[in-house]
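A.B. asks: based on what follows, work out the 3D shape:
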Amino acid sequence: MTSPEIASRRLAPISFALGLAGLAPFILMTIALFLIADGSLRAFVAHGLAAYAAIILSFLGGVRYGAALAGEATGALNLVTAAVPAVLGWIFVIARPDVALLGLAVLHVLLGALDLFGGKGSLPQWYRAQRPWLGVPVGATLLIAYLVLVR
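C.D. replies: Below you'll find the predicted structure:
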């Protein structure tokens, strides 16, 4: 095992802990949507959740871009899947909250699946192994938040 591989594996538990901490806003804002009756405050929280989801989506695209810059992920598809999440996330941030939450849920699930199944050789194994543990709760909270808004 080379020195960069060893260093990369040392990042796995730190990355996972940060990822778990990053789930807190998804969970807390989804719970808040259940509890808040005031329509304007609900819309504010839903917009905050959509904005956070878009930021995280952009970050996940950045991971792919970083892999491309490091020479791990070659090809135009990797650059496209690195850049497109940020643009789509922005589009959903300016959409109606219900549309935004549903669209962002779908995008998070799709990018997670792409990282898990299409990232072989371009993303570290430990990173791909973490994606379901973090991506599924993100997709689920966004879908639940959407359902709360449309009920």
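
A.B. asks: any low-confidence regions in this structure?
C.D. replies: Where the chain drops to pLDDT under 70, the residues are 1-7, 73, 119-120.

A.B. asks: where do the helices sit along it?
C.D. replies: Counting by DSSP state H, the chain has helices at residues 3-35, 39-69, 76-93, 97-118, 125-150.

A.B. asks: just name the most buried of the ones you listed.
C.D. replies: helix 97-118 (a mean of 20; mean count of other C-beta atoms under 10 Å). Where you see a C-beta, it was placed from the backbone N, CA and C, and this is true even at glycine.

A.B. asks: output the contacting helices and strands for that one.
C.D. replies: helix 39-69, helix 76-93, helix 125-150 (3 or more C-beta pairs under 8 Å, 6 or more residues apart in numbering; DSSP states H and E).

A.B. asks: could you give the angle of it to helix 39-69?
C.D. replies: Counting by axes from the mean of the first three to the mean of the last three C-alpha atoms, to 10 degrees, helix 97-118 lies at 20 degrees to helix 39-69.

A.B. asks: so which of the helices and strands packed on helix 97-118 is nearest G118?
C.D. replies: helix 76-93 (8.0 Å; C-beta to C-beta).

A.B. asks: what angle separates that closest one from helix 39-69?
C.D. replies: 170 degrees.
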